[in-house]
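K.L.:
Whatever this is, show me its structure:
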Amino acid sequence: MALIKPVKGISPKFGNDCYLAENATIVGDVAMGDNCSVWFNTVVRGDVNSIRIGNKVNIQDGACIHCTYQKAPTTIGNNVSIGHNAIVHGCTIHDDVLIGMGAIVMDKAVIGSNTIIAAGSVVLENTIVEPGSIYAGVPAKKVKDINQELIKGEINRIADNYIMYAGWFK
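P.N.:
The predicted model follows:
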């Protein structure tokens, strides 16, 4: 069973039909929606501020979700995939987003809907990522607009697959 701990009397809350890997860690002021999954060696640490996670969100192996004390909570919308070893810190991620493997999204960044942040990218503090785009690089910059095929073929496919994968472990 995942390590789930209260911090300062506040315990994580989970929606219906969530999968939490046995060695995932979820602590403090975390609220997660329905059909979410938190995978192996992942940390979701709501100790210094709040973390709000929508429905149908997968946080893949080794990812770290955190926030900044008294400055920057973390908010993640619906239908979001956060890739292996990504860091999502004190930022806002809107609906229908793919954060690639090893990407870093820093404090007060805002990731618009229908967006892909490429693997290994670094979205700097206070960056506003426009909806419907692909950002890549260090620091991350817009490389192109996203088309409907990528939204269905990548963003939705990965989110749907992770619901299936979670079912294998329940």
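K.L.:
For the rest of this, base every contact and every neighbour count on C-alpha atoms.
P.N.:
Fine.
K.L.:
least trustworthy helix or strand in the protein by mean pLDDT?
P.N.:
Least confident helix or strand of the chain, by mean pLDDT, DSSP states H and E, is helix 148-150 with a mean of 83.
K.L.:
Show me what it packs onto, helices and strands only.
P.N.:
The contact analysis (3 or more C-alpha pairs under 8 Å, 6 or more residues apart in numbering; DSSP states H and E) places helix 148-150 against no helix or strand.
K.L.:
what distance separates the start and the end of stretch 140-159?
P.N.:
Its start and end residues considered, stretch 140-159 measures 23 Å (C-alpha to C-alpha, to the nearest Å).
K.L.:
right, and the helix or strand after the biggest strand by length in the chain?
P.N.:
Counting residues, the longest strand found in the chain (DSSP state E) is strand 43-53. Once strand 43-53 ends, the next helix or strand along the chain (criterion: DSSP states H and E) is strand 57-59.
K.L.:
who does that following strand touch, helix- and strand-wise?
P.N.:
Against strand 57-59 (3+ C-alpha pairs under 8 Å, 6+ apart) you get strand 37-38, strand 80-82, helix 157-169.
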